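A.B. asks: Below are the sequence and a predicted model for it; my questions follow.
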There are 2 protein chains.
Amino acid sequence: MAGKVFFSVSMSLDGFTAPESMDGILATPEQREQDPRLDRWVAQWRELHAWMLPLRFFRENLHLGDDGEEGRDNDIARQTYERTGAGIMGKRMFDLGERSWPEEPPFHTPVYVVTHQRRDPWKRPGGTTFHFIGDGIHRALEQARDAAGDRDVRIAGGADTILRFLNAGLIDEFTIAVSPVLFGAGSRLFDGIDASRIALEPVRSEPTARVTHLTYAVRPR
Amino acid sequence: MAGKVFFSVSMSLDGFTAPESMDGILATPEQREQDPRLDRWVAQWRELHAWMLPLRFFRENLHLGDDGEEGRDNDIARQTYERTGAGIMGKRMFDLGERSWPEEPPFHTPVYVVTHQRRDPWKRPGGTTFHFIGDGIHRALEQARDAAGDRDVRIAGGADTILRFLNAGLIDEFTIAVSPVLFGAGSRLFDGIDASRIALEPVRSEPTARVTHLTYAVRPR
């Protein structure tokens, strides 16, 4: 039986899933060191994910230590990871990650990168292999489904890639961790959504100490 | 003891508290009858407030009948009404309401309308009196606080008026009912928020069958 296609992101209360783009800011190491916007970017990113950073699962998965908080947030983060048999991401998310993931990226599955750039698969320690798919989101999904087997396919991000899958009617359900923070600017998750064709069905709403996890099934309208 | 200043709105998951503006569409009765955008506006408004329309409190308050649903949503709607000693709204919300409220508007308190237009107080049956305040939001708030006594002041809307109070640091707390709907366009609640000066503290998150009620206290950053 085929798995579901889903995404799971943290979102600011005003709808952003990432701070303002660092395109052009991170171009050189010197720029990275000197530009105060980078500190701000990291601070905002940490606020958005403040619910996740102290979790035992998060720390284990990145080999930061086997300490960390247990509890419902931790269970949710672990279940999201465990249900995922393959990931899909956009090129910008990959580029940012390539500079910031550790030697062993936190996916431990095949990850399909939607890009126009041709590149051989990039195999990393710990079971993550990045495959670069030049012929569109449907083809990327087909390969991810094959790789995932009966587990689910996670559209990892960024917001623009998630939106392409949503508008193409390819997402079965999604979960948003609504963080208690306002960004004012950044990558807006639903910017450009084809609202006339997408209906949402509430599946589950689960408040924890730091965030509320909202899960919806996606239906055609 | 002075009450709090709060707002309480329904928001689509993509951040809108009203469908696209009807400015220019509702200009004449003929336009109202002919323009298909009005049907769409009303349909969207009803989707956004679908959690509220069947409630016993909502129906009672508008004299639609003394039937309707009880339960947690109903309690929350009633408590929001009962805590409110005075309201504040922007001129556009008032204009829209003036055309659509029944003879007895649903506020039953003094309501201060922030506007440049001079106009005598407009007293309606059932205890609602609209006062037109030409000298700014601080003055409107001062009068609303006086009128509210130890009850709270509700900033009723629209989104732009709520934003002015938020950015001026005048809001103590707010509640958002997150509705399971995507709008794609409309009045965005936090558009123009001064995010660098506003921190949120989660107070309460309460899922019900139809929506999740998120309550935050506003703190300076």
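C.D. replies: Done, it's in. Residues are numbered from 1 along each chain as shown, chains lettered A, B, ... in the order given.
A.B. asks: which bits of chain A sit near chain B?
C.D. replies: Residues of chain A lying near chain B by Cβ under 8 Å from any Cβ of the partner chain: A:13-15, A:176, A:178, A:180-185, A:189-190, A:192-196, A:198-202, A:205-207, A:210, A:212, A:214, A:216. (Glycine included, C-beta is placed from N, CA and C.)
A.B. asks: Whichever of the residues you listed end up buried, select them in ChimeraX.
C.D. replies: Buried members of the residues of chain A next to chain B, defined by 16 or more other Cβ atoms under 10 Å in any protein chain shown, are picked up in ChimeraX with:
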select /A:13,14,15,176,178,180,181,182,183,184,189,190,193,195,198,199,200,202,205,206,207,212,214,216
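A.B. asks: Give me the next element, helix or strand, following the worst-scoring helix or strand of chain A on mean pLDDT.
C.D. replies: Ranked by mean pLDDT, DSSP states H and E, the helix or strand of chain A with the weakest confidence is helix A:29-34, at a mean of 69. Next along the chain after helix A:29-34, taking DSSP states H and E as the criterion, comes helix A:36-48.
A.B. asks: Flag every buried residue along that next one.
C.D. replies: A:41, A:44, A:47, A:48.
A.B. asks: Ok, stretch A:164-181 next?
C.D. replies: In terms of neighbour count (16+ other Cβ under 10 Å), stretch A:164-181 has its buried residues at A:164-166, A:170-181.
A.B. asks: ok, back up a step: what about the residues of chain A next to chain B, which are in strands?
C.D. replies: Under the assignment DSSP state E, these contribute A:176, A:178, A:198-202, A:205-207, A:212, A:214, A:216 to strands.
A.B. asks: Between which two of those residues is the distance greatest?
C.D. replies: Greatest spacing in those, by Cβ to Cβ: A:198 and A:207 (24.9 Å).
A.B. asks: so how far is residue A:137 from residue A:154?
C.D. replies: Counting by Cβ to Cβ, to the nearest Å, the gap from residue A:154 to residue A:137 is 14 Å.
A.B. asks: Check residue A:160 too.
C.D. replies: In this view, residue A:160 and residue A:137 are 11 Å apart by Cβ to Cβ.
A.B. asks: swap in residue A:45?
C.D. replies: In this view, residue A:45 and residue A:137 are 25 Å apart by Cβ to Cβ.
A.B. asks: repeat for residue A:125
C.D. replies: From residue A:125 across to residue A:137, the span is 28 Å (Cβ to Cβ).
A.B. asks: neighbour count winner among these two?
C.D. replies: Neighbour totals were compared for residue A:125 and residue A:137, and residue A:137 leads with 18 against 10 (other Cβ atoms under 10 Å in any protein chain shown).
A.B. asks: Residue A:65: which element?
C.D. replies: Per DSSP H and E: residue A:65 is located in neither a helix nor a strand.
A.B. asks: Over to the one 10 residues further on?
C.D. replies: The secondary structure element spanning residue A:75 is helix A:72-83 (assigned by DSSP H and E).
A.B. asks: Which strands or helices does that helix pack on?
C.D. replies: Packing partners of helix A:72-83 (3 or more Cβ pairs under 8 Å, 6 or more residues apart in numbering or on different chains; DSSP states H and E): helix A:56-61, strand A:152-157.
A.B. asks: Now with 7 Å, please.
C.D. replies: Packing partners of helix A:72-83 (3 or more Cβ pairs under 7 Å, 6 or more residues apart in numbering or on different chains; DSSP states H and E): helix A:56-61.
A.B. asks: out of the buried residues of stretch A:164-181, who's nearest residue B:9?
C.D. replies: Proximity of the buried residues of stretch A:164-181 to residue B:9 was ranked by Cβ to Cβ; the top entry is residue A:178 with 15.1 Å.
A.B. asks: contacting residues around the closest one?
C.D. replies: A:11, A:13, A:211, A:212, A:214, B:214 (Cβ atoms under 7 Å, 6 or more residues apart in numbering or on different chains).
A.B. asks: How many residues are close by the third one?
C.D. replies: Using other Cβ under 10 Å as the criterion, residue A:211 is surrounded by 25 other residues.
A.B. asks: my read: it touches residue A:175, true?
C.D. replies: No. Between residue A:211 and residue A:175 there is no contact under Cβ atoms under 7 Å: 10.7 Å.
A.B. asks: Report the separation between the spatially most central residue of chain A and chain B.
C.D. replies: For chain A, residue A:156 is the residue whose C-alpha lies nearest the centre (Cα atoms, centre = their mean; 3.2 Å). Distance, residue A:156 to chain B, by Cβ to the nearest Cβ, to the nearest Å: 20 Å.
A.B. asks: what about that residue, distance to residue A:179?
C.D. replies: Per Cβ to Cβ, residue A:156 is found 18 Å from residue A:179.
A.B. asks: just residue A:11 next, same as before
C.D. replies: In terms of Cβ to Cβ, residue A:11 sits 7 Å off from residue A:179.
A.B. asks: And for residue A:196?
C.D. replies: Using Cβ to Cβ, one obtains 28 Å as the distance from residue A:196 to residue A:179.
A.B. asks: repeat for residue A:123
C.D. replies: 34 Å.
A.B. asks: Also residue A:56?
C.D. replies: Residue A:56 sits 19 Å away from residue A:179, going by Cβ to Cβ.
A.B. asks: cool, and residue A:65?
C.D. replies: 23 Å.
A.B. asks: Could you find the closest non-adjacent residue to residue A:195?
C.D. replies: Among residues not flanking residue A:195 along the chain, residue B:184 sits closest, at 3.2 Å (Cβ to Cβ, 6 or more residues apart in numbering or on different chains).
A.B. asks: Could I get the contacting residues of the one you found?
C.D. replies: Residues counted as contacts of residue B:184 (Cβ under 7 Å, 6+ apart) are A:193, A:195, B:14.
A.B. asks: can we see that at 8 Å?
C.D. replies: For residue B:184, the contact set (Cβ atoms under 8 Å, 6 or more residues apart in numbering or on different chains) comprises A:190, A:192, A:193, A:194, A:195, A:196, B:14.
A.B. asks: Now flag whichever of those is closest to residue A:117.
C.D. replies: Of the contacts of residue B:184, the one sitting nearest to residue A:117 (Cβ to Cβ) turns out to be residue A:192, at 23.2 Å.
A.B. asks: What is the burial count for the closest residue to the closest one other than its chain neighbours?
C.D. replies: Closest residue to residue A:192 apart from its sequence neighbours, by Cβ to Cβ, 6+ apart: residue A:163 at 5.6 Å. Look at residue A:163: counted by other Cβ under 10 Å, it has 21 neighbours.
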